[in-house]
Structures are given as C-alpha cells and as structure tokens.
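A.B. asks: Test case, fold it:
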Amino acid sequence: MQTLGFVRALEPVLATRYPEEEERAGALLRYMEFFNTHPILASAVLGAIVRHEAQGEVELSEKTVKMLMGPFGGMGDSFFWGALKPLFILIALAAVQQGQLWVAVAMVVGFALVNVISRVCLLNLGISLGRRVVVSVQRLGLLAWAQRIKVLAALLTGWVMVVALAQSPAAHWGIGVFSLAAAATFLALVVAWGARREVDPLWMVILCSLLAVGGSVLI
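C.D. replies: Numbering: from 1, shown residues only. Have a look, this model is predicted:
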C-alpha cells in the first residue's frame, strides 16, 4: 500500500549506491514488494534501510523491511492515531466550548509539528542504528503511553459531554443534565460494546445518528 512512496524515498540512496542504470533498476525492484506500516514510524524503517544499503548489507536490508513494518504499524496506530490524535482533538473541542478558538488552531499546528519532528528524529535514528532501531523504539514505550493517553482522553471526553449537555437547549426544556448525561453514557457503552465485538463502525454511526435525530424530535 505504501510501496511506491517507500521506493521513491529510497531512490536517491540507491542512485548513489548503484550508478549503473541496470543495477539501480534491480535494486529498486527488490523493494517493490508489499510494504505497509504506520506512516510516521515508516521513517525509522526507511532510515534503517538507508544504513544497510550504504554498507552493502542487501540481504539484511530486505529482512529488516519485513521484520519492522508489522510491529511498527501496530505501535504507531495505537499511539499516534488511537491515542495522541484523539487527545489533541478533544482538547480542541473543550477549548472551542469555552470560546478559545486559538487553542484549536494551536492543537492542529501542534499535531503537525509532532508529525514532522517524529519523522525526522526516527529517520536519523534508523540511519544511526539500522535494524537495531527496533530496540530504541521499543524503549519509548509507545503502547504504554497510548494506554495512559487514552485514559486521559476518556476523562476529557466526559468533560466535553457534560459541558455540551449543560449548554444545550435540552438542558432548559425540563430534562435534567443528569438524565442527558446518563443517556450519553449508555450510548457510549453501547458503542464500546460494539467495538469490542468488531461491529462495523458504519452501523454504529448510523445508530448514533438515528438516536440523535429521534431524540431531538421527541424533545
């Protein structure tokens, strides 16, 4: 899925390593296999390949790609997409509720900086360590940090929901905030139950939308 971009990023290095066109074409074809990992942690894989190619360790280079892309994909998805990005979004939502739009803009810029800086640091780390970069990435404890951030995001989600309910018109229509919060909590539990049983997210979105529309009509 990311093969063409990965090979394109390697092309300058391979062009230096293999000045002859035929040899360079063969080197490019070696990496034209399936490649898919987290786009940020892919920089570490790219750096490791650059190091091994520069040292003439062709076989080790090919094994490194297969060894790293799976674990890095899982770690990156859990930390960057499953924990860090939702936290930035929730902070932005909480700030918007208080009329602090600049904080929302700062969160967008902040996540972009995290993205770019992480890629640069991981690329340099991969170039320095080669396949041993996996040890350094493991020491970062991304999965453990992902769990901590998800707990914080869950607490912030509760805060955002309570503030949204307290500020909603329904709070002034004789329906207590507690009742609305209980209904929202129940809906969140239903979604969590469906996610654990690998229910298609599309159906959960449709269910939430129908309940929201139905509730607004009844109110």
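
A.B. asks: Where does pLDDT dip in the protein?
C.D. replies: 1, 158, 162-185, 187-188, 191-192, 194-219 (pLDDT under 70).

A.B. asks: can you give me the helices in it?
C.D. replies: 3-17, 21-30, 42-54, 58-76, 85-97, 101-129, 133-139, 142-167, 177-196, 201-218 (DSSP state H).

A.B. asks: out of those, which comes closest to Asn36?
C.D. replies: Closest to Asn36 of the helices of the chain, according to CB to CB: helix 58-76, at 6.5 Å. Glycine gets a C-beta too; all of them are placed from N, C-alpha and C.

A.B. asks: Keeping just the C-alphas, turn that closest one into CSV.
C.D. replies: The C-alpha coordinates for helix 58-76 follow below in CSV (Å, rounded to 0.1, in the frame of the first residue of the first chain):
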residue,chain,number,x,y,z
VAL,A,58,21.5,-6.2,0.9
GLU,A,59,20.1,-9.3,2.4
LEU,A,60,19.9,-7.8,5.9
SER,A,61,18.2,-4.7,4.4
GLU,A,62,15.4,-6.9,2.8
LYS,A,63,14.9,-8.8,6.1
THR,A,64,14.7,-5.5,8.0
VAL,A,65,11.8,-4.3,6.0
LYS,A,66,9.8,-7.5,6.7
MET,A,67,10.8,-7.5,10.4
LEU,A,68,9.9,-3.9,11.2
MET,A,69,6.8,-3.0,9.3
GLY,A,70,4.4,-5.2,11.2
PRO,A,71,5.3,-4.2,14.8
PHE,A,72,5.8,-0.6,13.9
GLY,A,73,2.4,-0.5,12.2
GLY,A,74,0.7,-1.7,15.4
MET,A,75,2.6,0.6,17.7
GLY,A,76,2.2,3.6,15.5
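
A.B. asks: which parts of it are buried?
C.D. replies: Burial within helix 58-76, assessed by neighbour count using 16 or more other CB atoms under 10 Å, is assigned to Leu60, Ser61, Thr64, Val65, Leu68, Met69, Phe72, Gly73, Met75, Gly76.

A.B. asks: Excluding chain neighbours, give the residue nearest to the residue nearest to the spatial centre of the chain in space.
C.D. replies: For the chain, the residue nearest the mean C-alpha position is Trp81 (1.9 Å; CA atoms, centre = their mean). Excluding its sequence neighbours, the residue lying closest to Trp81 (CB to CB, 6 or more residues apart in numbering) is His38, at 7.7 Å.
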